[in-house]
Every structure is written in structure tokens, then in C-alpha cells.
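1. here is a sequence together with a model predicted from it:
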Amino acid sequence: MAKISIILPIYNTEEYITECINSLLSQTYKNIEIIIIDDHSGIECKRLIKEIAAQDPRIKVFHLDENMGIGFTRNFGITKASGELIYFVDSDDYVAPTTIELLSKNIKNYDMICGKIEHTYTSGSKVEQLEELSKPAIYTDNKYNLIKNSSALNWLIKKDFINNNRLVFSEEVVSFSDLNFMVPALYNNKEIPYLKEALYFKRERNDPILKPSIMQGDSKRIIEDFLNAFIVMKEHYKEDPLINDYLDFQILDFYSNDIVEFFKDESNIASIFQLLNTALEKVQNESMKSYGYFIKTEIQTIIKGDSNKFIKINSKHHFLREFKIAIKGRRKLYIFLYNRFFTKLPVKKNTVFLESFLGKSYSDNPKYIYEYMKNNSNQYKYIWSFNEKKDIPGNPMQVKRFSLKYFYYLATAGYWISNSRLPKDLKKREETIYLQTWHGTPLKKLVFDMKDIYSADPNYKYNFYKQSRRWDYLNSANHYSSEIFRRAFLYDGEMLEYGYPRNDILYQSNNEKDIKLIKDKLNLPSNKKAILYAPTWRDDEFYGSGRYKFKLKLELEKLKQAIGDNYIIILRMHYFIANQIDISNYEGFVYDYSKYDDIAELYLISDILITDYSSVFFDYANLLRPILFYTYDLEKYRDTLRGFYINIEQEVPGPLLKDTDEIINAIQNITSIENDYKDQYTQFYNRFCVWDNGHASERTVKTVFKGFDITD
Ligand code: C2G
């Protein structure tokens, strides 16, 4: 059992190193040493390294006095290694338990062996139990395909081989420093085994804004690193046909994707043109054969050094690229028309574009802002975006969400008002003012406060960042929300701290007459009390992006038997929930108002609210009526999926209940629950509801619409 030295450079990855190192310590192969090179991390990371290192004598830690970069740290790690074999790990990744054992069993007389890299967005990816171990595949002439990702990760390599061939990582570049190590390593081997069962989990970082990985850093720097690494390799291995083919493929691929993307912004061209010229001169003509007209012509123009001509071709290329995307689907075509044409038309200052919950309803803050404006001024023209046509007051123009008109009006409106997100690929024009109202006081962690992303969109943080850069104003219902929004949305624009427009109705219509009107409109019996059940959605239960599943865990039969004489239940699923709940056996007891536009009206007619982790309870608390929390999956939801901003066990204004029996019991004893939670409720109200007083819409409108004229 030969000793294996695992080289682990660490730089400010405190969020991930526990999982990484645990995955190494729990390897089935025990004769390892873990050489941690702390590349001058911050205090928090250093503290954690120290704590973890104390757990196992196989861990050795070296601290560098300044940040030296990945190439230097790995080279340094090799000099400290006492094992016969070397294995490299990145500190935000983790390794399956049997990987090192499998690699070491199969390296035999080879100098190096390669395992498989799985990409993951989250912690704790499980290894499938593979039935039978296959024999390693042996790579010969195609061996350079094994360094597709230009990476030394998940290779087990003999130390003598490294030393004899003086293999070193480049210290000149930050990204692509592995090429300098891997190309000569493979060059010196005719045959290389690859074992697909030896798994390494490479984490795709979900936060390229606050915590970018090396490859998510500054594009210019990454491109320069690549080109420099390429030039060095090309000069060194001029004579080797396999390496030349491999390197040509790498640069042409990199050019067609990363560099073309970088040149979308024309002003980037000059910054790397000369370096690109030096690199591309070294590409063999035959390697370009399979590339299309634009790539070939661009490369030839760069080689000639004609930057003026290049700028012209580049602009045509991008127009064509956008056009090619545009003809792939109707929505893509409209986005193309929006960006290329509609946004050249004049902005109509007095038009207001509104959308609530992705066009699903006439509701929430946009509804109340609109109604205040409509009732008090005839200065503005309104365009509402809906998925389906609606009968709404004031008879404003309606456009179907994502129709051609939708994009036209977005491009020319003077104001955008939305309570969630608008398509990320639309540039907002300078003259357009965007009021983002958001849609709730947060309990569950938001965007940049979230760690792993379990929902359908793994690029959530980046996309959200792009979308939220366009916001000019943001509504906040309480001081607590303002603080969270600033941090979790990275928002530094104007915050409208007037309470929520959507809660105005809870102050203006909390009277018998208005409540009766709503009940009659909904055909609900007036001789029974109403319980509103309004849970939220679960990030990990989905059919696809924006379409989530919900399984009802309320036992309706039991509830009906126990409380059916005095109560009715109103079911209200979150707007992301795509499946319907079958209530056909509970006519007269259960009513499904999931599709009803405005939950605020449901609050007004309910005597008790049951929810879970939905922000609905912050709004409902304005009514000072009892709230029960049906938190049957609290541990998973709080500890894995989201994390909360407040201590739900201590700070919410009602009990946490785990099953239907507890709910029945609470309903039957609702008066004593109200008494038990009186003080907690008051504290809660004072913290989250005091800004609401029925005038949030008015104050919002008067701030955003400068010179808003009240028309008599
Ligand atoms: N909502 C609803 N019916 C539900 C749940 C929610 O009508 N069953 C509406 C409420 O207006 C609620 C809003 O959707 O305030 C947001 O719902 P949440 O359950 O809180 O979930 P989410 O959409 O993820 O927003 O800061 C708030 C958070 O972003 C949560």
C-alpha cells in the first residue's frame, strides 16, 4: 500500500473545505497524507483549516505569506509530499469514497491514471453503486482527449515520474496553469489508463458575482492566460503532431466560444488583439478546415493584423449569431426585435407597463399601485401583461405575456412595474423607470444569501443579478426586509419604505360589509368560519423551471370529521405549483382558490391562516388574526433547501405543527392559542407590520411618478 500525497491548495473557500476534506479523510484507501497549502486565505478560512487539521494526523498544513496562485501552491505542495503518488484536489470539490483506492489499484506499471469528473451544483452528490468494476480504458494516440478540461484533477501520478520529467504547473498564469504540467506528462507516456468508476465531483460555483471560481473571474484575464499558456506550449512542442492537433483544437474551440462572446462588446477587441495575433499565427491551416466562414475569416484577419477589417466582420458575425438564435423560436425572435429595433423607437413617458406573478394574476403590489393611479389621475396609459385575458377595473390595455406586443410595450414604456422578474435578455432603456415591488417579506433565504441552489435554475444567482441591475426603486414592507434586500439582492438603489401597497386593503376593507361582499363573490357560506391554507413551494420538487409539484399533507377527511360543522377550508397553492389538488370528495368543506387573483381578499375573509414557510404570514399578521404553521418538513426545508432569516421556532406568532391531529387540536383550542401567543404576536407585529397603514400605494406612486397629478 503505497503512500499517496493529496495536494490541496486552499484560498478562501471556507464554505466548501469541510466537505472537501471530509471526503478525503473518509477515503477507503487509508495510507494518505493531505498537504494543505493555505494560499494566504482570510482569518475565517484559516481558523477553519486549523480546526479541521487538528482532527487527523494525516493532514499537514503550510501557510504562504502572500497569495501565490494555484500554480505555485501545487508546485510547492509537490516539494512537501512524502508519498510515492500524487493526487490533486481543489478545495471546493469533493471525491467519492472509493476513488483513490480504485485509481491506486489500477495504476500498476503506468506512470499516471485518470478518473472521471462529474460536475455538480450542490453538496453531497451521491455516488451511484456501480455493479461491476470495468477494466480501465487505455488511451494511446487519443490520450490528449483526457485533458479536455485542461485539468490535473482526478489524476493519480507517480512522484518519481513528476520529478524525473521536471513537471511543473505554470506560475505565470492563473487559469490554465495545468496545461504546462499535463501536456508534457502525457507526451512522456504512450499509454494512459482511464477509469470511469473513479469519481471526482467538481463543483460548478453558483455565485460568479460574489464568489467567482478561477474560471469565472475576469474574462480578459482568463483569455490572456489561455493565450499565453497556449503560446508557450506551441513553441515547446512545435514538432509533435498530436500535441499540435490538440492545442489547435483547444484554441479554436476557445476562440469560437469564449473569445467570440468576449467580442460581443466591440470595445474589448483592442485589448487582446495583439496577443491573439501572436497565438493564432501558430495554428496550422488544416486545423481550421472544419470551421465556418466567420471563424475562418476572422482568424485570417487577425493573423494579418487588420483590426479595422476585423471590427467590421465581428459586427456582422454578431448580428448573424443573434439572428440565428432569433429564428430558433418565437420568443427568441421577439427578444431580437426588442434589442435591435423596438428599443430604437421613442419612449412614451406616460405609459406604465405592469405585471404581477409572471402574468398569472391581477394581484399584489402592482394591482394596488395601479388602482391608486387609475383612481386618482387620468394622466397615464396602462399596459397589463397577463397569460390570459382578464376582466379588470379601468379597462386598461392587456398584452399576452411574451407576445410581440408584450416586447413592443416593454421597449417603449416609460415605467415598468413588476413584483418579480422580467426577462433577463432585455436591456432596460435609460429613460425607462423600473419599480420593482417584490412580493413578500422574506423568511426563507434569498438569492445571494442562499448557499446551494436546489431549484430548477442552477444559474439563478447570475440571472437574478442581471435582472435586478435594472431596478430603480424597490418596495420594502419593514426595516427587516430593507436590510435583507440590500444584501441578498446586492441592491443599492432607492428603497421605498412605506409598507406594502398590497396590504392597503387589509386596513381599508377590514370591515363586515366588505368581507361579506368578498364572501358572496366567492360563493362561500357565511354561516361558517374560514381557514385559509396557503403553503409555499419546495425548491427540489419540480417538473421544470417555474413548474413545481405540491403534495397535500393535510388529511382532509380527518379535518372534515373534526371541524367540518363550524369551518370551511380554503386551499391556496403557491403560483409556481402546476399540479391540481383533488378535492372532489369535499364539496361544501374544501374550496380551491389557488387560481384566484388576489390572496389579500382571501386573507380578509379568513378567520385563521395555516401556512408553512411562505411570506403570507407577514401580511396576514396585519389583521392580528390567529396563524398556525404546518411545518411537517421543517428540518429539510430550513437546513438543506433554504435556511431562514429568523428563528421560526421562537419568533413567529403561532405554533409549529407537525401533523393533521395537531392542527385539529389547535383549531379546536384557537382561543387559548391566541392567548398563549399574545405577546409574541405583538412583538411580531411591531417588527414587521408597523409601516403598513393603508397608504403605501399612495406614497409609492408619489415618489416614483415625479409630478404625479391628482385629477379631480
Ligand atoms: N402566495 C400566494 N399563495 C400561496 C403562497 C404565496 O398567493 N400559497 C403569494 C403571496 O402574496 C406571497 C407571495 O406569493 O407573499 C410569495 O410567496 P412565498 O410563498 O413567500 O414564496 P416566494 O414566491 O418564493 O417568495 O421575499 C419573499 C420571498 O421571495 C418568497
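-> Received it, and whenever you're ready, just let me know what you need. Numbering: from 1, shown residues only.

2. mind checking the longest strand of this protein?
-> strand 192-203 (DSSP state E).

3. ok, now how distant is the nearest residue to residue 264 once chain neighbours are set aside from residue 672?
-> Nearest non-adjacent residue to residue 264, counting by Cβ to Cβ, 6 or more residues apart in numbering: residue 318, 5.8 Å away. Quick note: C-beta positions are derived from backbone N, CA and C, even for glycine. Distance, residue 318 to residue 672, using Cβ to Cβ, to the nearest Å: 68 Å.

4. looking at the two, which one has more neighbours?
-> Shown here are residue 318 and residue 672; by other Cβ atoms under 10 Å, residue 318 has more neighbours (17 against 10).

5. pretty sure that one is touching residue 265, no?
-> No. Checked against Cβ atoms under 8 Å, the pair residue 318 and residue 265 is beyond contact range at 9.7 Å.

6. up against the ligand, what does this structure have?
-> Within the chain, the residues that sit near the ligand (Cβ under 6 Å from any ligand atom) are 364, 439-440, 442, 446, 534-536, 572-574, 599, 614-616.

7. so the chain: which segments form each domain?
-> 4-209, 220-326, 346-499, 513-688 (automatic domain parsing).

8. including distance to residue 339 and mean pLDDT, could the ones you listed go into CSV?
-> CSV is the format used below for the domains of the chain (distance: least, Cβ to Cβ, whole Å; pLDDT from 0 to 100):
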stretch, distance to residue 339, mean pLDDT
domain 4-209, 22, 94
domain 220-326, 8, 96
domain 346-499, 6, 96
domain 513-688, 22, 96
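
9. any chance of the ones you listed in TSV, plus distance to residue 333?
-> Converted to TSV, these look like this (distance: least, Cβ to Cβ, whole Å):
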stretch	distance to residue 333
domain 4-209	28
domain 220-326	5
domain 346-499	9
domain 513-688	20
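
10. what about residue 151, is that helix, strand or coil?
-> Applying DSSP: H, G, I helix; E, B strand; the rest coil to residue 151 yields a three-state assignment of coil.

11. now do the contacts for the closest residue to the ligand within the stretch 201-350 of the chain.
-> At 17.1 Å from the ligand, residue 206 is the closest residue in the stretch 201-350 of the chain, using Cβ to the nearest ligand atom. Counting by Cβ atoms under 8 Å, 6 or more residues apart in numbering, residue 206 touches 121, 452, 453, 458, 459, 460, 461, 462.

12. from what I see, the first one and residue 458 are in contact.
-> Yes. Counting by Cβ under 8 Å, residue 121 touches residue 458, with 4.5 Å between them.

13. what's the overlap in contacts for these two?
-> Residues touching both residue 121 and residue 458 (Cβ under 8 Å, 6+ apart) are 204, 206.

14. neighbour-wise, give me the winner out of the contacts of residue 206.
-> Tallying neighbours with other Cβ under 10 Å puts residue 461 at the head of the contacts of residue 206, with 21 neighbours.

15. which element is that one on?
-> helix 460-468 (DSSP states H and E).

16. also residue 702?
-> Counting by DSSP H and E, residue 702 is found in helix 696-704.

17. what packs against that helix?
-> Secondary-structure packing of helix 696-704 (3 or more Cβ pairs under 8 Å, 6 or more residues apart in numbering; DSSP states H and E): helix 364-376, strand 433-436, strand 473-475, strand 494-496.

18. report the buried residues of it.
-> Buried residues in helix 696-704, defined by neighbour count with 16 or more other Cβ atoms under 10 Å: 696, 697, 698, 699, 700, 701, 702, 704.

19. closest to the ligand out of those residues?
-> Among these, residue 696 lies closest to the ligand (Cβ to the nearest ligand atom), at 14.3 Å.

20. and the closest one, what is it in contact with?
-> By Cβ under 8 Å, 6+ apart, the neighbours of residue 696 are 368, 475, 498, 499, 500, 501, 503, 504.

21. find the centremost residue of the chain, please.
-> Computing the C-alpha centroid of the chain and ranking residues by Cα atoms, centre = their mean puts residue 460 first, at 2.2 Å.

22. now that one. Nearest residue, chain neighbours left out?
-> Spatial nearest neighbour of residue 460, excluding adjacent residues (Cβ to Cβ, 6+ apart): residue 453 at 5.0 Å.
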